[in-house]
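Enquirer: pasting the structure only:
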Ligand SMILES: [Zn+2]
Ligand SMILES: [Zn+2]
């Protein structure tokens with residue numbers, strides 16, 4: 001694995017905000033200025049093919065998610081930040097009435113204002 005690829009993997013592993021490919025590129029390029037956009041995109045696709053990352057699609061943007069366990073997301077309706085939600089109760093699936101069907105997976109998306117946006121708002125108001 002090249003240092004650039006390692007940096008891409010590290011960038012994803014260190015983040016909880018589900019960066020877009022452009023955001024990963026900006027982060028890696030700041031540390032490895034020789035890294036091309038194509039290297040970042042190709043590496044992300046390799047990670048996807050190897051099922052080491054997932055994609056979260058939100059507002060037409062593809063965001064990369066290093067957490068491949070089933071989990072839920074909080075999405076900020078102001079800045080678009082996507083964060084994992086810890087859900088200790090795995091068997092809440094049984095609360096859903098799906099008739100005679102069998103639920104195998106479920107992903108909840110919760111929308112609202114993130115803490116950073118709320119703080120910005122308070123500061124802006126004085
Ligand atoms: Zn926000
Ligand atoms: Zn996630």
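Expert: Right, received. Where do you want to start? Note that the coordinates shown come from a computational prediction; the quantities given were computed from them, not determined experimentally. Ligands and ions are numbered 1, 2, ... in the order given.
Enquirer: Show me which residues of the protein are close to ligand 2?
Expert: By the rule C-beta under 5 Å from the ion, the part of the chain lying against ligand 2 is 65, 67, 84. Heads up, the C-betas are built off the backbone N, CA and C, glycines and all.
Enquirer: what about residue 57, how many residues close to it?
Expert: Using other C-beta atoms under 10 Å, residue 57 has 8 other residues around it.
Enquirer: same deal with residue 73?
Expert: 19.
Enquirer: What strand or helix carries it?
Expert: Using DSSP states H and E, residue 73 maps to strand 72-76.
Enquirer: name the helices or strands packed onto that strand?
Expert: strand 82-85, strand 109-112 (3 or more C-beta pairs under 8 Å, 6 or more residues apart in numbering; DSSP states H and E).
Enquirer: Where does pLDDT dip in this protein?
Expert: In the predicted model of the chain, residues 87-95, 123-126 satisfy pLDDT under 70.
Enquirer: residues in contact with residue 107?
Expert: Taking C-beta atoms under 8 Å, 6 or more residues apart in numbering, we find residue 107 in contact with 70, 71, 72, 73.
Enquirer: still on that earlier bit, so which of the helices and strands packed on strand 72-76 is the most packed in?
Expert: strand 82-85 (a mean of 16; mean count of other C-beta atoms under 10 Å).
Enquirer: ok, it: who's next to it in the sheet?
Expert: Applying DSSP bridges to the sheet, strand 82-85 is found paired with strand 72-76 (antiparallel).
Enquirer: in the partner strand, what's buried?
Expert: Buried residues in strand 72-76, defined by neighbour count with 16 or more other C-beta atoms under 10 Å: 73, 75, 76.
Enquirer: Skipping its backbone neighbours, what lies nearest the last one in space?
Expert: If the residues on either side of it in the chain are set aside, residue 76 comes closest to residue 114, at 3.7 Å by C-beta to C-beta, 6 or more residues apart in numbering.
Enquirer: picking up where we left off before, of the contacts of residue 107, just say which sits nearest to residue 96.
Expert: When the contacts of residue 107 are ranked by distance to residue 96 (C-beta to C-beta), residue 72 comes first, at 13.8 Å.
Enquirer: on that earlier part again, in a markdown table, list the buried residues of strand 72-76 along with distance to ligand 1.
Expert: Shown next, in a markdown table, are the buried residues of strand 72-76 (distance: C-beta to the ion, whole Å):
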| residue | distance to ligand 1 |
| --- | --- |
| 73 | 13 |
| 75 | 9 |
| 76 | 3 |
